[in-house]
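Visitor: Here is a sequence together with a model predicted from it:
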Amino acid sequence: MTDSHSNTIIIPTAHQMPPSGWQPGFTSCFMLSVRNTGPDTIVVTHVSHEFMLDGKATGVKGESLCALHISPFSANAWEHNPVFFPAELASKASEKQISLQITAFGTAAGKPVFGCCCMPVIRSDLPETLHRHIGAKTALELMPSHCARISNMPEILGFLDRAYDAMADLSGQRPLNGECMALRESPPFFAWARAGFPILLNTTHVCNSVEAFDRGVVCFGWLHEMGHNFEYGYWYMYNSPACEFHANFKLVYAIEHLINGNSDGFHLLEWEKNPDPERKYDNGRLWVDSKFNPDSCSYLSDTSREWETMDSNDLLVFYLALVRKHGWDPFKRMYRTYRSLSFATDERPVLNSSNEMFSLQMAILSYLIDDDIRAHCADWRIPLSEDTVQSLSARFDLPVHTSRFCDC
């Protein structure tokens with residue numbers, strides 16, 4: 001659409017994710033790209049979608065909020081999730097063409113803009129009907145041939161349930177009001193697994209995962225994707241490493257509190273492609289400290305790197321140093337502070353720079369630990385001024401008293 005006031009054109013395009021197709025009854029996503037051909041910045045505020053059969057509307061639709069900023073004469077991409085592909089719709093489709101009509105809405109120069117596109121929907125199916133195994137907080141939905149490889153299903157579900165509780169304890173929330181978090185086997189796609197509701201497990205890798213878990217080896221990938229589901233992401237996801245770090249931060253918390261020589265027999269192997277089966281860690285904290293320590297941090301050893309180049313492992317070392325000094329409690333309060341902020345404001349904040357997002361997190365932590373957080377940042381070549389901390393604290397009216405935190 002061309003806005004007569006701003007002469008800005010918003011042109012969305014979408015690609016199905018995974019490209020191999022969506023399985024009926026699954027939650028998947030599409031990758032939305034938005035091109036801005038005008039001179040004004042576009043802020044995409046929400047996206048709607050509706051399934052079509054042979055070009056006719058079905059009434060099966062959905063909508064999602066977002067905060068996507070697109071500079072003049074440029075393009076950006078946003079991974080829109082979730083999109084549920086109803087089995088009933090797929091069964092009615094038969095020989096008809098299924099497509100998804102997508103509309104992106106936003107503003108440019110204070111005026112509304114929108115644009116539409118239509119994406120063909122490719123269907124994909126697993127060769128077997130999934131078998132659902134339900135725990136107290138989690139569920140596993142696997143093909144029967146893979147279920148047959150598991151002799152300790154109750155123990156695996158019990159471990160996943162306790163991992164869920166640990167992540168809820170750290171983050172201060174239970175996603176979707178505590179709805180059972182399913183991990184569902186899916187047709188092959190571009191990733192090892194994918195967070196969401198349900199979590200999608202690429203069938204290509206499920207066999208190795210269940211066999212490892214059946215031997216008592218923790219499947220880090222499953223816990224990592226669970227960690228993604230405990231997020232207030234738009235407050236601190238300034239880049240992909242930050243996103244992956246927060247998922248792994250919850251994974252690490254769960255591992256430290258669950259792997260301690262307990263009777264269920266789960267242990268840890270090195271996080272590598274071909275681990276030594278004899279090298280076990282029955283203590284989660286020992287594994288964490290052996291894997292994420294300053295001596296092995298590539299960022300610290302390369303003084304030419306800027307702080308924004310830190311990967312997720314570098315960030316884990318940075319934050320774990322604070323955890324080891326001050327304990328986990330300040331980080332529990334940090335996530336609850338983000339939750340308080342999300343409840344306190346009617347409008348989602350626009351924090352579209354890594355410096356501002358990170359500084360806000362440091363401003364929060366500066367109130368929650370009895371230490372000069374700037375000194376730790378300086379050791380890591382991260383600029384953080386007192387003025388920045390104070391201005392962000394005032395801007396967001398940071399809830400710094402424990403009584404104001406919202407527990408899960």
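Guide: That came through fine.
Visitor: longest strand of the chain?
Guide: Identified as the longest strand of the chain according to DSSP state E is strand 56-70.
Visitor: ok, and what's touching the helix or strand just after it?
Guide: Once strand 56-70 ends, the next helix or strand along the chain (criterion: DSSP states H and E) is strand 74-85. Residues outside strand 74-85 that contact it (C-beta atoms under 8 Å, 6 or more residues apart in numbering) are 14, 17, 22-36, 44, 47, 49, 62, 64, 66, 68-70, 100, 121, 123, 196-197. Bear in mind the C-beta positions are built from the backbone N, C-alpha and C, glycine included.
Visitor: Stretch 151-161 now?
Guide: In contact with stretch 151-161 (C-beta under 8 Å, 6+ apart) are residues 133-140, 147, 150, 183, 213-214, 218, 222, 226, 258, 264-266.
Visitor: for the chain, what are the low-confidence residue spans?
Guide: Scanning the chain for pLDDT under 70 picks out 1-8, 80-81, 93-95, 233, 261-264, 269-280, 345-353, 399-408.
Visitor: how does the chain divide into domains?
Guide: Domain assignment of the chain by automatic domain parsing yields the ranges 10-120, 131-258, 292-404.
Visitor: Highest mean neighbour count across the ones you listed, which stretch is it?
Guide: Mean neighbour count (mean count of other C-beta atoms under 10 Å) peaks for domain 131-258 among those, with a mean of 19.
Visitor: ok so, going back, how far does the longest strand of the chain sit from its chain's centre?
Guide: Put simply, strand 56-70 sits 20 Å off its chain's centre (C-alpha atoms, centre = their mean, to the nearest Å).
Visitor: closest to residue 286 out of the domains of the chain?
Guide: Taking C-beta to C-beta, domain 131-258 is the member of the domains of the chain nearest to residue 286, at 9.5 Å.
Visitor: Mind checking which of the contacts of stretch 151-161 are in helices?
Guide: Among the contacts of stretch 151-161, the members found in helices (DSSP state H) are 147, 213, 214, 222, 226, 258.
Visitor: out of those, who's nearest residue 380?
Guide: Taking C-beta to C-beta as the measure, residue 380 sits nearest to residue 226 out of the ones in helices among the contacts of stretch 151-161, at 28.1 Å.
Visitor: so who does that closest one touch?
Guide: Residues near residue 226 by C-beta under 8 Å, 6+ apart: 138, 160, 163, 164, 167, 181, 183, 195, 199, 250, 251.
Visitor: Next: residue 100.
Guide: 14, 30, 49, 50, 51, 52, 83, 118, 119, 121.
Visitor: Would it be right to say that it lies in a strand?
Guide: Yes. Under DSSP: H, G, I helix; E, B strand; the rest coil, residue 100 falls within a strand.
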